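J.: Sequence unavailable; structure follows:
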């Protein structure tokens, strides 16, 4: 359970960095507490999308992974971020990613920051 909480916090931190760096990834809220709550909800959604949908997409696009030497991972991460944005919109969570190329850059930022945070944060279970 502790590992799940640590990964969710790392995802929330990575999402916060992407929101801070990219103007076209928006997160709105009345105050800081509401924004933090929204980030936690979006991190949970993002984790759920990555857990349920991403493996299926990776299997279906396996030939492209080989053909592009793994660069299709950027596109898959962007699609997972766009799907998270779409789900957040359906659930009335104030998180939005505007455009595919913003999602590609956002996915790259989230991957790098999440990796760095997972290295620093403990991962005991």
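T.: Perfect, thanks for sending it. Bear in mind the structure is a predicted one, so any value in this text is a computation, not a measurement.

J.: As a quick check, tell me the outermost residue of the protein.
T.: residue 67 (24.8 Å; CA atoms, centre = their mean).

J.: Isn't residue 14 up against residue 110?
T.: Yes - counting by CB atoms under 8 Å, residue 110 is a contact partner of residue 14 at 4.4 Å. Backbone N, C-alpha and C define where each C-beta goes, glycine included.

J.: So these two - more neighbours on which side?
T.: residue 110 (27 against 24; other CB atoms under 10 Å).

J.: from what I can see that one touches residue 20, true?
T.: No - using CB under 8 Å as the test, residue 110 is too far from residue 20 to be in contact (11.8 Å).

J.: Who are the contact partners of residue 41?
T.: 88, 91, 93 (CB atoms under 8 Å, 6 or more residues apart in numbering).

J.: After the helix or strand where it lies, heading C-terminal, what element do we hit next?
T.: In this structure, residue 41 sits in helix 32-52 according to DSSP states H and E. Where DSSP H and E defines the elements, the next helix or strand beyond helix 32-52 is helix 54-60.

J.: Next secondary structure element downstream of that next one?
T.: From helix 54-60, the next helix or strand downstream (DSSP H and E) is helix 62-67.

J.: Quick one: distance of that next one to the chain centre.
T.: Computed by CA atoms, centre = their mean, to the nearest Å, the chain-centroid distance of helix 62-67 equals 22 Å.

J.: Packing partners of the helix or strand bottoming out on mean pLDDT in the chain?
T.: Using mean pLDDT, DSSP states H and E, the weakest-scoring helix or strand in the chain turns out to be helix 2-21, at a mean of 89. Packing contacts for helix 2-21, counted by 3 or more CB pairs under 8 Å, 6 or more residues apart in numbering; DSSP states H and E, involve strand 25-27, helix 32-52, helix 100-120.

J.: I appreciate the help and will end here.
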